[in-house]
Structure formats: C-alpha cells, structure tokens
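>>> Whatever this is, show me its structure:
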Amino acid sequence: MDLEETRAFLAVIDSGSFKAAAEKARQPRATLRRRVEALEARVGIALLERSRSGVTPTAAGELLAREGRVMLREQRALLAALREVGDDPSGDIRIGAPAGLGPHELAVLFGLFQAQFPRLRVHLRVCDGPVSELIEHVDIALCCGRDKPPGRWQTHPLMPLREGLRASRSYLQRHGVPETIEELADHKLLGWQAPSAAPRRWPTFDGGDLAVEPVLTTTDYNVLRRLASLGFGIALLPDAHLPDLDGEDEALIPVLDGVVGRSHELRALVPEMLADTPKIRALVEHLARFVAMLREPRRETPTGVGSSARWAHMSAHP
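A predicted model of the protein is given here:
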C-alpha cells in the first residue's frame with residue numbers, strides 16, 4: 001500500500017473534507033484528491049462517501065483507516081529504530097508496564113539494565129493497558145493474561161502467574177476460614193482487575209466463574225496486597241511466587257486454594273518489525289535473566305543490610 005496515498009486518505013477523513021485537509025496539510029486539494037482516487041483504484045472499491053457537506057468513510061474505508069494508522073505508526077517506529085542501530089544498544093527505549101507491577105521489581109530492573117547498557121535511555125510508562133500503547137507510546141509491553149491481542153507481535157513468556165485468594169492470618173482469625181465458595185458471601189472481598197476480566201466474575205480453576213460483590217476492585221496489585229495484609233478482606237491476587245522484597249506486610253495465607261483463581265503468565269510483547277533491533281533484543285534477554293534472578297534465592301549481602309538496601313546493592317553490582 002502506498003504510504004503517501006494512505007496519508008492523504010487519513011488526512012481527508014480526519015478533516016472531513018478535501019478542502020479542510022488541503023488547508024491543514026498545506027497541499028493542493030487536487031493532489032490529495034488524486035492520491036485518494038489512486039488508492040481507491042488500487043483496492044478496487046470506494047473508500048469515501050462524498051456529499052456537499054464533506055466526506056465520510058465507507059465500511060471498507062473505516063477498515064483501511066484502522067490498518068493504515070497502524071502501518072504509519074510502524075513505519076515511524078522502524079525509522080526511529082534504524083537510526084539507533086549500532087554495535088551496542090543505544091538511544092531511547094520505551095517500556096510499558098501494567099499498573100501494580102511491584103515498584104521494587106521495577107527499580108531493580110531499571111538499575112540492572114542501566115548498569116549493563118549505559119547508552120540506553122529508558123522511558124517507563126505505567127498504565128492499565130500497556131498493550132494498547134504499543135508502537136504509539138511504547139516499544140515493548142509487559143502484560144498479564146492468557147489471551148493474545150490481535151496484531152503482528154512477538155510474544156516472550158516471562159513467568160507463570162497463578163491467581164488465587166489470599167488473606168491475612170488476623171483477618172481469618174476474626175472472621176473464620178471459608179471452606180466453600182458459598183461461604184465467600186459472608187466475607188469482605190477485594191478484587192484484582194485482571195486484563196479483559198469482568199470485575200464481578202471471578203475465575204475458578206475448573207474453567208468456570210462465580211458472581212461476587214467485591215467491596216473494592218483495583219488494577220493495582222500493590223494496593224490490593226497491602227489492604228489484604230492489613231486485614232481488610234480476602235483478596236483475589238496474582239502470585240508469581242517471587243520473594244517478598246519489603247518484608248513489611250503480614251504474610252498472606254491461601255484461601256480455597258486450587259478452587260478460586262486461574263493460571264496464566266506474565267509476557268513481553270514486541271512489534272515484529274522492531275524485534276530484531278539491538279535495543280529490543282537486549283531488553284528481552286535482560287527481562288528473561290531478571291525474572292530468573294528474582295525467582296532464585298536471595299544473594300547474600302553484608303550483614304545488617306535490609307531488604308530494600310539488599311536489592312539496591314544488587315542493582316549497583318549486577
């Protein structure tokens with residue numbers, strides 16, 4: 001598909017008319033009209049409905065507009081990546097992380113990465129849907145869940161996740177331990193808002209789900225874990241079986257283990273057209289090593305060093 005024709009088509013539908021598009025782009029109206037007509041001839045179908053009040057896209061035009069925007073974003077991202085190709089990873093790299101990913105993990109990840117690749121400048125974007133930010137705002141997205149989004153991506157599994165119910169010992173001593181799903185109705189429930197999940201439908205390991213009425217639902221894992229550790233209720237939490245980096249919260253106890261919850265994974269998604277650039281390859285490999293390191297027993301550091309300082313020590317001495 002011709003890029004200039006696609007740009008002209010998008011300019012016209014975004015502006016609503018050839019005249020407005022020409023004025024905004026500072027191009028002759030005839031040039032834009034010629035390019036759009038050439039594009040329609042190329043695909044063999046009308047892409048615009050023309051009227052005295054302006055233009056609107058046909059169904060085919062709407063589809064082409066969606067794909068065309070992606071194509072132009074990919075082209076801009078590829079050109080930017082090509083300018084930074086060299087022997088060592090360098091330049092800017094944009095990482096999208098889901099809201100709630102542990103701040104300690106992110107801090108250590110950045111520290112180790114910066115120490116290994118000092119010529120790279122990291123832009124970290126924390127949001128609810130990092131996959132939707134790909135190309136436009138991020139080069140690589142970390143995401144949870146089993147569903148693969150549509151598009152041309154490379155997927156790199158990082159670690160298994162197991163969603164399940166957790167509560168503090170103090171909460172269970174006060175309110176009792178539910179032995180069945182039905183008994184959950186007598187408890188305060190706190191929910192993690194997983195991607196593409198209904199907040200009032202919790203998954204079960206047999207493939208079904210159950211209706212719930214959580215007193216709180218959030219995408220922020222850290223807030224949810226802290227509330228559960230303070231005894232505010234039973235929380236549906238993702239668990240990567242990583243070590244506790246803080247050691248400040250009360251340990252959480254599984255509830256209805258293997259009954260309520262599901263298994264999925266943390267993954268890294270990369271646009272195919274960026275996958276072979278040095279900085280993306282370096283980051284994907286670094287993420288795999290970082291996750292493996294997190295899942296290993298802690299390294300020893302000098303006596304008296306606390307949890308946070310221990311991880312800072314690792315960042316400074318990778």
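>>> how much space is there between the most centrally placed residue in the chain and residue 266?
Computing the C-alpha centroid of the chain and ranking residues by C-alpha atoms, centre = their mean puts residue 130 first, at 2.9 Å. For residue 130, the distance to residue 266 equals 12 Å [C-beta to C-beta, to the nearest Å]. Every C-beta, even on glycine, is put in place using the N, C-alpha and C of the backbone.
>>> before we move on, what about residue 224?
16 Å.
>>> If you count surrounding residues, which of these two has more?
residue 224 (25 against 20; other C-beta atoms under 10 Å).
>>> which strands and helices sit next to the helix or strand where the more buried one lies?
Element membership of residue 224, judged by DSSP states H and E, is helix 221-229. Here helix 221-229 touches strand 153-168, strand 189-192, strand 216-218, strand 234-239, strand 252-255, going by 3 or more C-beta pairs under 8 Å, 6 or more residues apart in numbering; DSSP states H and E.
>>> what would the ones you listed look like in CSV with distance to residue 28, mean neighbour count and mean pLDDT?
Converted to CSV, these look like this (distance: least, C-beta to C-beta, whole Å; neighbours: other C-beta atoms under 10 Å; pLDDT from 0 to 100):
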stretch, distance to residue 28, mean neighbour count, mean pLDDT
strand 153-168, 39, 19, 88
strand 189-192, 55, 22, 92
strand 216-218, 53, 16, 91
strand 234-239, 56, 23, 88
strand 252-255, 66, 19, 92
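>>> Nearest to residue 38, out of those?
strand 153-168 (31.1 Å; C-beta to C-beta).
>>> helices and strands around whatever helix or strand comes next after the closest one, which ones?
Downstream of strand 153-168, the first helix or strand assigned by DSSP H and E is helix 169-175. Secondary-structure packing of helix 169-175 (3+ C-beta pairs under 8 Å, 6+ apart): strand 252-255.
>>> what's the domain layout of this structure?
3-83, 91-158+266-316, 160-264 (automatic domain parsing).
>>> residue contacts, the residue nearest to the centre of the chain?
By C-beta atoms under 8 Å, 6 or more residues apart in numbering, residue 130 lies in contact with 96-98, 138, 141-143.
>>> and residue 56, what helix or strand is that in?
Using DSSP H and E, residue 56 falls in strand 54-57.
>>> Check which helices and strands that strand sits against.
Packed on strand 54-57, when contacts are counted by 3+ C-beta pairs under 8 Å, 6+ apart, are helix 3-15, strand 48-51.
>>> Angles on the backbone of the residue in the chain sticking out farthest from the centre, please.
Residue farthest from the centre of the chain, counting by C-alpha atoms, centre = their mean, is residue 52 at 43.6 Å. Backbone torsions of residue 52, given as degrees, to the nearest 10, read phi -60, psi -30.
>>> What segments of this protein are helices?
3-15, 18-25, 29-43, 59-83, 103-116, 169-175, 221-229, 278-294, 307-316 (DSSP state H).
>>> List the buried residues in the first one.
So the one you mean is helix 3-15. Neighbour-count burial for helix 3-15, with 16 or more other C-beta atoms under 10 Å as criterion, is recorded at 5-6, 8-13, 15.
>>> circling back: could you list the paired strands of the strand holding residue 56 along with their orientation?
Applying DSSP bridges, strand 54-57 is found paired with strand 48-51 (antiparallel).
>>> I'd like the helices and strands packed on helix 221-229 laid out as a markdown table, including distance to residue 75.
Putting those into a markdown table (distance: least, C-beta to C-beta, whole Å) gives the following:
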| stretch | distance to residue 75 |
| --- | --- |
| strand 153-168 | 17 |
| strand 189-192 | 37 |
| strand 216-218 | 37 |
| strand 234-239 | 36 |
| strand 252-255 | 47 |
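>>> Let me know which of these is the nearest to residue 274.
strand 153-168 (8.9 Å).
>>> Adjacent strands (with direction) for that closest one?
Counting by DSSP bridges, strand 153-168 is paired with strand 234-239 (antiparallel), strand 252-255 (antiparallel), strand 261-271 (antiparallel).
>>> for the longest one, what is the average pLDDT?
Taken as a whole, strand 261-271 has an average pLDDT of 86.
>>> That strand versus helix 278-294: what angle between them?
160 degrees (axes from the mean of the first three to the mean of the last three C-alpha atoms, to 10 degrees).
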